[in-house]
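Q: Sequence and predicted structure, then a few things I'm wondering about:
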Amino acid sequence: EEAPEEEIAVGPFWMDIHPVTVAQYARYLKETGAPEPRFWKNPDCNGPDQPVVGVSWYEALAYARWAGKNLPTEAQWEFAARGQENRRYPWGNLPPDTNRCNYKDYMGMPSMVGLHDDGHTPEGIQDLAGNVFEWTLDAYAPYVQIRRDPNHAAKIPQRTVRGGCWQSNADEITSTARRGFFPETQNKNIGFRCVLPVFSTPTPPPVSSTAP
């Protein structure tokens with residue numbers, strides 16, 4: 001599902017440095033009254049600096065729009081991970097290890113964002129490999145079918161995740177690896193991050209009328 005390789009134009013964009021955290025999502029819940037995601041009270045994954053997990057694609061998209069942003073397209077996500085250097089992993093072409101990413105179940109849970117600082121991209125984006133799968137905006141469809149029939153993606157029920165997770169092996173955390181999940185999925189190993197086109201002005205989240 002990673003081939004064939006082709007050139008795609010990607011406009012300039014900002015990307016969150018790390019996946020959305022539990023602390024960030026808690027503010028969203030407080031401001032909107034949205035339901036708590038699955039695993040919200042699980043001690044393995046509810047630390048304030050851990051990436052929020054157990055959110056469906058719909059919940060991730062709702063948060064992104066609340067924050068005045070969006071979920072990344074696959075092209076945006078892959079460009080952030082591969083860069084102009086065509087990196088195999090976000091940090092480069094050296095093989096992964098536990099200093100660079102949370103993978104191969106060595107921690108048994110999602111890690112705090114930024115803990116594996118050796119794995120950041122040259123631009124400073126963290127946790128693009130391992131830790132949690134990240135929802136993207138796009139449907140999960142083979143590239144060949146999308147190219148032959150641009151409307152094919154609309155017929156596909158699954159959405160694409162990128163980056164692998166804390167349970168993944170090295171071949172699932174490359175910059176091109178991709179998987180599909182149904183958008184209702186609320187797994188312990190799926191989170192998300194947001195993007196914003198460079199020429200867009202973010203809409204600030206609503207401010208509560210009551211004191212914190």
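A: Cool, got the structure.

Q: use CA for all of it now, contacts and neighbours both
A: Noted.

Q: Please pull out the lowest mean pLDDT helix or strand from this structure.
A: Ranked by mean pLDDT, DSSP states H and E, the helix or strand of the chain with the weakest confidence is helix 143-148, at a mean of 66.

Q: So which elements touch the helix or strand following that helix?
A: The helix or strand immediately downstream of helix 143-148 is strand 159-162, counting by DSSP states H and E. Applying 3 or more C-alpha pairs under 8 Å, 6 or more residues apart in numbering; DSSP states H and E, one finds that strand 159-162 contacts helix 74-82, strand 133-139, strand 178-181.

Q: Turn those into a markdown table, including mean neighbour count, distance to residue 65 and mean pLDDT.
A: Below are the helices and strands packed on strand 159-162 laid out as a markdown table (neighbours: other C-alpha atoms under 10 Å; distance: least, C-alpha to C-alpha, whole Å; pLDDT from 0 to 100):
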| stretch | mean neighbour count | distance to residue 65 | mean pLDDT |
| --- | --- | --- | --- |
| helix 74-82 | 22 | 17 | 96 |
| strand 133-139 | 25 | 12 | 95 |
| strand 178-181 | 18 | 21 | 96 |
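
Q: Let me have those in CSV, extended by distance to residue 105.
A: As requested, the helices and strands packed on strand 159-162 are exported to CSV (distance: least, C-alpha to C-alpha, whole Å):
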stretch, distance to residue 105
helix 74-82, 22
strand 133-139, 14
strand 178-181, 18
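
Q: Quick one: residues contacting the spatially most central residue of the chain.
A: With distances taken as C-alpha atoms, centre = their mean, residue 134 lies nearest the centre of the chain, 2.6 Å away. Taking C-alpha atoms under 8 Å, 6 or more residues apart in numbering as the contact definition, residue 134 lies against 19, 161-164, 190-193.

Q: For residue 174, state which of those is nearest.
A: The nearest member of those to residue 174, counting by C-alpha to C-alpha, is residue 163 at 6.8 Å.

Q: give me the number of residues near the closest one?
A: Applying other C-alpha atoms under 10 Å, we find 29 other residues in the vicinity of residue 163.

Q: Test my guess that it contacts residue 129.
A: Yes: because the distance of 4.7 Å satisfies C-alpha atoms under 8 Å, residue 163 is recorded as touching residue 129.

Q: Counting neighbours, what do you get for residue 188?
A: When counting by other C-alpha under 10 Å, one arrives at 22 neighbours for residue 188.

Q: what sits against the nearest residue to residue 73 once chain neighbours are set aside?
A: Spatial nearest neighbour of residue 73, chain neighbours left out: residue 137 (4.9 Å); criterion: C-alpha to C-alpha, 6 or more residues apart in numbering. For residue 137, the contact set (C-alpha under 8 Å, 6+ apart) comprises 71-74, 159-160.

Q: For PyMOL, write the select line for the buried members of the contacts of residue 134.
A: A single PyMOL command selects the buried members of the contacts of residue 134 (16 or more other C-alpha atoms under 10 Å):
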select buried, resi 19+161+162+163+164+190+191+192+193
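
Q: Could you dump the contacts of residue 134 into a markdown table with distance to residue 10 and pLDDT added?
A: Shown next, in a markdown table, are the contacts of residue 134 (distance: C-alpha to C-alpha, whole Å; pLDDT from 0 to 100):
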| residue | distance to residue 10 | pLDDT |
| --- | --- | --- |
| 19 | 21 | 98 |
| 161 | 18 | 98 |
| 162 | 17 | 98 |
| 163 | 19 | 98 |
| 164 | 22 | 97 |
| 190 | 25 | 98 |
| 191 | 23 | 98 |
| 192 | 20 | 98 |
| 193 | 18 | 98 |
